[in-house]
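> take this sequence and fold it.
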Amino acid sequence: MIYRSKAPLRIGLAGGGTDVSPYCDIYGGAILNATISLYAYASIEVLDTDNIVIEAIDRKETETHQVIEQLPLNGTLDLAKGVYNRLVKDRGTLLPSGFKLTTFVDAPAGSGLGTSSTLMVAILGAFVEWLNLPLGEYDIAHLSYEIERNELKMAGGKQDQYAATFGGVNFMEFYKDEKVIVNPLRIKPKYLYELENNLLLYYTATSRMSSFIIEAQQQNVSNKNEKSIEAMHHLKDQALMMKEALLTGKIDEIGRILDFGFRHKKEMAQGISNPYMDELYHTALQAGATGGKISGAGGGGFMTFYCPGNTHYEVIKALEKYEGSFHRYQFTNTGLISWTI
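Numbering: from 1, shown residues only. Coordinates of the predicted model:
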């Protein structure tokens, strides 16, 4: 038997960073994001041996272990090992047999599309399918967050786990005590089609370690850095602005709303942007884009540009001189899916 799962990556449209503690614990956070047709995949094949084989095909990493209570965490394949360790701990017993876990992600690590957290959700989804665990959407998202942030000590926020699990376009609220509320938005299809047509997804051909940027952001809040905290307040306002624009069909206001967020997000912490990304952004604006954003924590990875009318052709042409590339995508309505073959 093979137990499979897949979970979608996401584009953050507004409010990015306000889901990170301690900001959301103190002030409450709000984010609007949408899942897209790029995925993280996980497959579990039950083995007749007492071996655990973990293989990340896209990263060309493989480890083999004997079936033991806790797999060693060493910086390689730790997401998969973290899920295994937590499930064994919660069950109080070893899993039924040895297995091979195979994973793949459609975007590179450090892309800003939530790859690590989405992969965590996909891995957990495959185990839920195999072990028939009674976990709902909120349970899976929260457990993924706990493993990644609290047990593996990987810095980051909460939005990615919930986006990958629930799927679709969601307005998310974040509060103290790790409380999260996911509000699915009922957006008219023609508004989403127009957004999909006008919003370009551009890979900058660079990646980054988001943990350093996030840790700086957290430190700014802890130290009561007024400029950084005020920037986060503006980004929370941006999420509400984006929600209204999407629901009411004011799609061409989205460029302005993205630009509002781009300018304030750079004030949250050092390293969110850099001269190269600023140059990409201004080149896109000069070619007809009205706004855009850096995906994820910043510093590299993907950028998005909002191009009204038919200006996206000119923006694509203007950015040809750089080393990056545009990626086609579609918005998706579904989150984590698992099945057995």
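
> the closest residue to Y162 other than its chain neighbours: neighbour count?
Leaving aside its sequence neighbours, Y162 sits nearest to A141 (C-beta to C-beta, 6 or more residues apart in numbering; 4.5 Å). Placement of C-beta: from N, CA and C, glycine included. Residues lying near A141 (other C-beta atoms under 10 Å) number 28.

> tell me the confidence at A141?
The score at A141 is 98. That number is its pLDDT.

> can you confirm it is in a helix?
Yes: residue state for A141 (DSSP: H, G, I helix; E, B strand; the rest coil) corresponds to a helix.

> isn't it right up against Q161?
Yes: counting by C-beta atoms under 8 Å, A141 touches Q161, with 4.5 Å between them.

> distance check, Q238 against N197.
22 Å (C-beta to C-beta, to the nearest Å).

> correction: the previous question concerned T103.
Using C-beta to C-beta, we find T103 at a distance of 32 Å from N197.

> who has more neighbours, the two?
The residue with more neighbours, out of T103 and N197, is T103; 23 against 14, by other C-beta under 10 Å.

> which residues touch that one?
Residues in contact with T103, defined by C-beta atoms under 8 Å, 6 or more residues apart in numbering, are 40-43, 54-58, 80, 119, 122-123.

> ok, Y162 - contacts?
141, 170, 172, 180, 182.

> for M277, which three-state class applies?
Taking three-state DSSP, the label given to M277 is helix.

> tell me the contacts of it?
204, 294, 298, 300, 303.

> which of those sits closest to L47?
G300 (38.1 Å; C-beta to C-beta).

> sketch out the low-pLDDT regions of the stretch 201-341 of the chain for me.
207-212, 269-271, 296-299 (pLDDT under 70).

> roughly how far is stretch 174-190 from the heart of the chain?
Counting by C-alpha atoms, centre = their mean, to the nearest Å, stretch 174-190 is centred 15 Å from the centre of its parent chain.

> what lies in contact with it?
18-19, 24-26, 28-32, 137-138, 141-142, 145, 157-159, 162, 166, 168-173, 243, 246-247, 249.

> got a PyMOL select line for the buried ones in those?
Of those, the buried ones can be selected in PyMOL as follows, counting by 16 or more other C-beta atoms under 10 Å:
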select buried, resi 18+19+24+25+29+30+31+32+141+142+145+157+158+159+162+166+168+169+170+171+172+173+243+246
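
> which ones among the contacts of stretch 174-190 lie within strands?
Among those, the members found in strands (DSSP state E) are 29-32, 169-173.

> and the longest helix for the protein?
helix 226-248 (DSSP state H).

> and that one, what does it pack against?
strand 2-14, helix 23-27, strand 29-46, strand 169-174, helix 210-222, helix 254-265 (3 or more C-beta pairs under 8 Å, 6 or more residues apart in numbering; DSSP states H and E).

> for those, which one sits closest to N74?
For these, proximity to N74 was assessed by C-beta to C-beta; helix 210-222 is nearest, at 16.9 Å.

> now the closest one: buried residues?
So helix 210-222, judged by 16+ other C-beta under 10 Å, has buried residues 210, 213-218, 220-221.

> helices or strands next to it in the packing?
Contacts defined by 3+ C-beta pairs under 8 Å, 6+ apart place helix 210-222 against helix 23-27, helix 226-248.

> re earlier: between the contacts of Y162, which sits nearest H233?
Minimum distance to H233 across the contacts of Y162 is 16.9 Å, recorded for M172 (C-beta to C-beta).

> so that closest one sits against I31, correct?
Yes: at 4.8 Å, M172 counts as touching I31 under the criterion of C-beta under 8 Å.

> what's the overlap in contacts for these two?
Residues touching both M172 and I31 (C-beta under 8 Å, 6+ apart) are 19, 159.

> mind pulling the model confidence for the most centrally placed residue in the chain?
Residue closest to the average C-alpha location in the chain (C-alpha atoms, centre = their mean): G114, at 2.1 Å. Note on G114: pLDDT of 92.

> how about V105?
At V105, pLDDT is 97.

> now do the one 3 residues further on
Turning to P108, the model gives it a pLDDT of 84.

> that one: what secondary structure?
coil.

> how much space separates it from A205?
10 Å.

> with T340 instead?
Taking C-beta to C-beta, one finds T340 at 38 Å from A205.
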